[in-house]
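Student: When you get a sec, could you give me coordinates for this:
(4 chains)
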There are 2 protein chains.
Amino acid sequence: MKQTIVTVEDDVDIAQLVSHSLANAGYVVRRFSTGQGVVEACEKEPPSLFLLDVMLPGKSGLRLCDEIRQSVALATIPVIFLTAKTSESDRVAGLELGGDDYITKPFSPRELIARIRAVLRRFERPLPIETLRSGDVEIDTGAMLVSVRGKRITTTATEFRLLEYFVRHIGRVFTRDQLLDAVWRDNAFVTPRSVDVYVRRLREKIERDPENPDMLRTVRGAGYRFGEPA
Amino acid sequence: MKQTIVTVEDDVDIAQLVSHSLANAGYVVRRFSTGQGVVEACEKEPPSLFLLDVMLPGKSGLRLCDEIRQSVALATIPVIFLTAKTSESDRVAGLELGGDDYITKPFSPRELIARIRAVLRRFERPLPIETLRSGDVEIDTGAMLVSVRGKRITTTATEFRLLEYFVRHIGRVFTRDQLLDAVWRDNAFVTPRSVDVYVRRLREKIERDPENPDMLRTVRGAGYRFGEPA
DNA sequence: TCGAATTTTAACAATTCGTTAACATGCGTA
DNA sequence: TACGCATGTTAACGAATTGTTAAAATTCGA
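Tutor: Predicted coordinates:
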């Protein structure tokens, strides 16, 4: 569930302040003090946002941003620049290289967080709002409501996301790990067994006979499948 | 539906910066580098706002604004001037010719967006006066009046906007961030927790039993929802 | 039919999330 | 200037959710 933010900042004090603020706001922070190797290090696990100092020893933030935009894995990730300069030419250069916002020092932690939230929000893709139906189950993704055989049932947030995922992919078998990736927002520390538990909880809510599941089937040695095989 | 902004600016860097910022803020941008043919090109599809550089080769921004005001199709569309000059006489000249605001270079993307929003808000056609009803709640958007179960209640401005938003989107779940975006005018520095507080205040005014809300429901792990879907 | 592998299940612990009251700050107006 | 109302923040508290564990049950191949 937690989003990761990569900071590249050579000034230790500022880096400290920033990473502290971000951690406080619930973000996971990865710190770099130079632009060296940032792109390579991030390509495997892309962060949600880059926070780049414009003035960096060696490779400037602007050039780093350029590199990020060249990387297939990272090109769509938002970038915010941090800078002490306020001259117009810098602003222009920053945004032209693909920055999405610009924060000038000194800034307050509060402002920093607000700007980051605003940018992240802009980039977040809302799931389409629709009514999904499959057999006995009907899901309203906008209202977060589920009905089974015409009767409204209540689900927790995670149960809902899992069920929605299944209903959006009827007939496909998913391994526990795939489900963790898709449904759990930060799957880093969650055991695959937890999926079993959630499957069980869902069955109790949607199956006629939870002991003999009809819709949410076990595929032994592989994982789970919702609905008929494709 | 996105609003269109027409920019007329000869400096390529600035035009680039501006159009990037506007696009980021969700506006559609049409760029012109001179005043030639702007009016003609816009009459078929009037934009929501003009952003004019005062100093333009050939036809000055002031003259262009004048033309805009002569055009029946465009006369009521707001105009913001962009200029490097800061002298008072220019300001006066710009506003006298029908400009609605004035931004001096250098400016930050943020400031630009904020000013544009402010002007658009001022020009926004007054919302149609209507009576919205949902269950026990009746809202008169023209008079900013709310009745619950036939009884008039008083709300503060923010409470009203929040309630109106909920009533206009019955049955939808909104996250705190979405509500901040939609209801708080300048959400830059407001904590998502504030939404909780306003929800609580609204509940005290509209629910029979504020401790067991019936209309304005919590959706744990997601946000809030007003009313039930059909 | 035995046994290993896998899944199910219930109980438990940890953590997150929402509520709420009290407080701080701002803003307009008397 | 002082007052009152509107707005926003904070922190503690309790409750619901989430994830783990281990034992029991099931499945399937040999």
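
Student: can you give me the helices in chain A?
Tutor: Under the criterion DSSP state H, helices of chain A are mapped to A:12-24, A:38-43, A:61-70, A:88-96, A:109-123, A:157-168, A:176-183, A:193-206.

Student: Restricting the selection to alpha carbons, write the last one to CSV.
Tutor: So the one you mean is helix A:193-206. Output of helix A:193-206 as CSV, limited to C-alpha atoms (Å, rounded to 0.1, in the frame of the first residue of the first chain):
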residue,chain,number,x,y,z
ARG,A,193,-0.9,-18.1,3.0
SER,A,194,-2.8,-15.0,3.7
VAL,A,195,-4.4,-15.4,0.3
ASP,A,196,-5.9,-18.6,1.5
VAL,A,197,-7.4,-16.9,4.4
TYR,A,198,-9.0,-14.2,2.3
VAL,A,199,-10.3,-16.8,-0.2
ARG,A,200,-11.9,-18.5,2.7
ARG,A,201,-13.5,-15.3,4.0
LEU,A,202,-14.8,-14.5,0.6
ARG,A,203,-16.2,-18.0,0.2
GLU,A,204,-18.1,-17.6,3.5
LYS,A,205,-19.7,-14.5,2.0
ILE,A,206,-20.5,-15.4,-1.5
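
Student: Mean pLDDT lowest where, among the helices of chain A?
Tutor: Among the helices of chain A, helix A:88-96 has the lowest mean pLDDT, at a mean of 50.

Student: Could you check how many residues crowd around the residue of chain A found nearest chain B?
Tutor: Across chain A, the shortest distance to chain B (Cβ to the nearest Cβ) belongs to A:Ala157, at 2.8 Å. To be clear about C-beta, it is placed using only N, CA and C from the backbone, and glycine gets the same treatment. The number of residues packed near A:Ala157 is 12, by other Cβ atoms under 10 Å in any protein chain shown.

Student: that older thread, looking at the helices of chain A, spot the one closest to DNA strand C.
Tutor: In terms of Cβ to the nearest atom of the strand, the element of the helices of chain A nearest to DNA strand C is helix A:193-206, at 3.6 Å.

Student: picking up where we left off before, isn't the residue of chain A closest to chain B right up against B:Thr175?
Tutor: No: using Cβ atoms under 8 Å, A:Ala157 makes no contact with B:Thr175, being 11.1 Å away.

Student: so what sits against both of those two?
Tutor: Residues touching both A:Ala157 and B:Thr175 (Cβ atoms under 8 Å, 6 or more residues apart in numbering or on different chains): B:Ala222.

Student: okay if I get the helices of chain A as TSV plus distance to B:Phe32?
Tutor: Formatted as TSV, those follow (distance: least, Cβ to Cβ, whole Å):
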stretch	distance to B:Phe32
helix A:12-24	40
helix A:38-43	37
helix A:61-70	27
helix A:88-96	19
helix A:109-123	26
helix A:157-168	45
helix A:176-183	46
helix A:193-206	56
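
Student: For B:Leu74, which of those is the nearest?
Tutor: B:Leu74 lies closest, by Cβ to Cβ, to one member of these: helix A:88-96, at 28.9 Å.

Student: What is the end-to-end distance of stretch A:169-181?
Tutor: Distance across stretch A:169-181, first residue to last, is 15 Å (Cα to Cα, to the nearest Å).

Student: Identify the residue spatially nearest to A:Ser48, adjacent ones excluded.
Tutor: The spatial neighbour of A:Ser48 that comes closest, neighbours along the chain excluded (Cβ to Cβ, 6 or more residues apart in numbering or on different chains), is A:Gln3 at 3.9 Å.

Student: and if you look at A:Leu51?
Tutor: Leaving out its chain neighbours, the residue that sits closest to A:Leu51 by Cβ to Cβ, 6+ apart is A:Thr7, at 4.6 Å.

Student: hey, what's that neighbour bridged with?
Tutor: Beta bridges link A:Thr7 to A:Arg31, A:Leu51, judged by DSSP bridges.

Student: So it sits against A:Ser19, correct?
Tutor: Yes: if you go by Cβ under 8 Å, A:Thr7 and A:Ser19 touch, sitting 6.2 Å apart.

Student: Give the burial count for A:Asp101, as a bare number.
Tutor: Neighbours of A:Asp101 (other Cβ under 10 Å): 22.

Student: surely the residue nearest to A:Ser48 meets A:Pro46?
Tutor: No: here A:Gln3 lies out of contact with A:Pro46, judged by Cβ under 8 Å, at a distance of 10.9 Å.

Student: check contacts around A:Leu202.
Tutor: A:155, A:159, A:162-163, A:216.

Student: Of the residues you listed, just say which sits nearest to B:Val183.
Tutor: Nearest to B:Val183 out of the contacts of A:Leu202 is A:Thr155 (Cβ to Cβ; 26.9 Å).

Student: Quick check, the closest one in contact with A:Leu163.
Tutor: Yes: with contact defined as Cβ under 8 Å, A:Thr155 counts as touching A:Leu163 (6.6 Å).

Student: of the two, who's got more company?
Tutor: Neighbours were counted for A:Thr155 and for A:Leu163 using other Cβ under 10 Å; A:Leu163 has more, 25 against 20.

Student: and the gap between the more buried one and B:Thr155?
Tutor: 37 Å (Cβ to Cβ, to the nearest Å).

Student: what sits against A:Gln36?
Tutor: A:Gln36 is in contact with A:58-59, counting by Cβ under 8 Å, 6+ apart.

Student: Write out the residues of chain A neighbouring DNA strand C.
Tutor: Chain A comes close to DNA strand C at residues A:1, A:193, A:196-197, A:199-200, A:203, A:210-211, A:213, A:218-223, as judged by Cβ under 7 Å from any atom of the strand.

Student: hmm, which of those are the buried ones?
Tutor: With burial judged by 16 or more other Cβ atoms under 10 Å in any protein chain shown, the buried subset of the residues of chain A next to DNA strand C is A:199, A:203, A:213, A:223.

Student: check contacts around the third one.
Tutor: For A:Pro213, the set of contacting residues under the criterion of Cβ under 8 Å, 6+ apart consists of A:203, A:207.

Student: which bits of chain A sit near DNA strand D?
Tutor: Chain A has residues A:156-159, A:184, A:189-191, A:193-194, A:196-198, A:220 near DNA strand D, with proximity defined as Cβ under 7 Å from any atom of the strand.

Student: related to what we said a few turns ago, list the residues that contact the residue of chain A closest to chain B.
Tutor: In this structure, A:Ala157 makes contact with B:219-222, judged by Cβ under 8 Å, 6+ apart.

Student: Just the ones in strands from those, please.
Tutor: Under the assignment DSSP state E, the contacts of A:Ala157 contribute B:Val219 to strands.

Student: could you dump the contacts of A:Ala157 to JSON lines with distance to B:Gln36 and pLDDT?
Tutor: Shown next, in JSON lines, are the contacts of A:Ala157 (distance: Cβ to Cβ, whole Å; pLDDT from 0 to 100):
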{"residue": "B:Val219", "distance to B:Gln36": "54", "pLDDT": "93"}
{"residue": "B:Arg220", "distance to B:Gln36": "59", "pLDDT": "92"}
{"residue": "B:Gly221", "distance to B:Gln36": "56", "pLDDT": "90"}
{"residue": "B:Ala222", "distance to B:Gln36": "52", "pLDDT": "90"}
